[in-house]
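Novice: Turn this into a model:
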Amino acid sequence: MSFALKNSFRYILSPLLFVGTMLWWGVHPRLFTFLPLLISLITLLIILFGRRPIKLFGGCLFFVLLTTWVPVDISLVDVPGPPRFIPMVYGLPTKEAMEEAERGKFYLGGCILGEVGWMLVW
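Specialist: So this is what the prediction gives:
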């Protein structure tokens, strides 16, 4: 591979991946999509100061896209029971729905329909 192409990966595409991931996380602030932000930052540092930019860039891009489109998120809210996946419920909850959410039957997602369908709770 030519020197110019290697430098384009190193100095243009890697920072672009990190900035794009950071902007995407700013629009969709989910805890699960924070992981690609950290991984793209680590990848950026490795590519800028290390070797194998194409393989590392491709792997990081794949991971960023994969975790962005997964309809699952992670919650740090304490829910009774073991760690598990529970469904997200959107909209204005009734009194009964609030009680069931407190028991850990489902997770309240708010009034605006989001892209997350399931929540990993502890």
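Novice: where do the strands sit along the chain?
Specialist: 72-74, 84-90, 107-110, 118-121 (DSSP state E).
Novice: what lines up beside the longest one in the sheet?
Specialist: Strand partners for strand 84-90, identified by DSSP bridges, are recorded as strand 107-110 (parallel), strand 118-121 (antiparallel).
Novice: For Pro83, find the nearest of these.
Specialist: Of all those, strand 118-121 sits nearest to Pro83, with 6.8 Å by CB to CB. For every residue, glycine as well, the C-beta is placed using N, CA and C.
Novice: how about the CA coordinates for the closest one, as CSV?
Specialist: The C-alpha coordinates for strand 118-121 follow below in CSV (Å, rounded to 0.1, in the frame of the first residue of the first chain):
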residue,chain,number,x,y,z
TRP,A,118,-34.9,-3.8,25.5
MET,A,119,-33.0,-2.7,28.6
LEU,A,120,-30.3,-4.6,30.5
VAL,A,121,-31.0,-3.9,34.2
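Novice: and that strand, which residues are buried?
Specialist: Buried residues in strand 118-121, counting neighbours by 16 or more other CB atoms under 10 Å, are found at 118-119, 121.
Novice: where's stretch 90-99 relative to the chain centroid, distance-wise?
Specialist: On the basis of CA atoms, centre = their mean, to the nearest Å, stretch 90-99 sits 27 Å off its chain's mean C-alpha point.
Novice: quick one on the thing from earlier: pick the one among the buried residues of strand 118-121 closest to Ala97.
Specialist: For those, the nearest to Ala97 is Met119 (15.2 Å; CB to CB).
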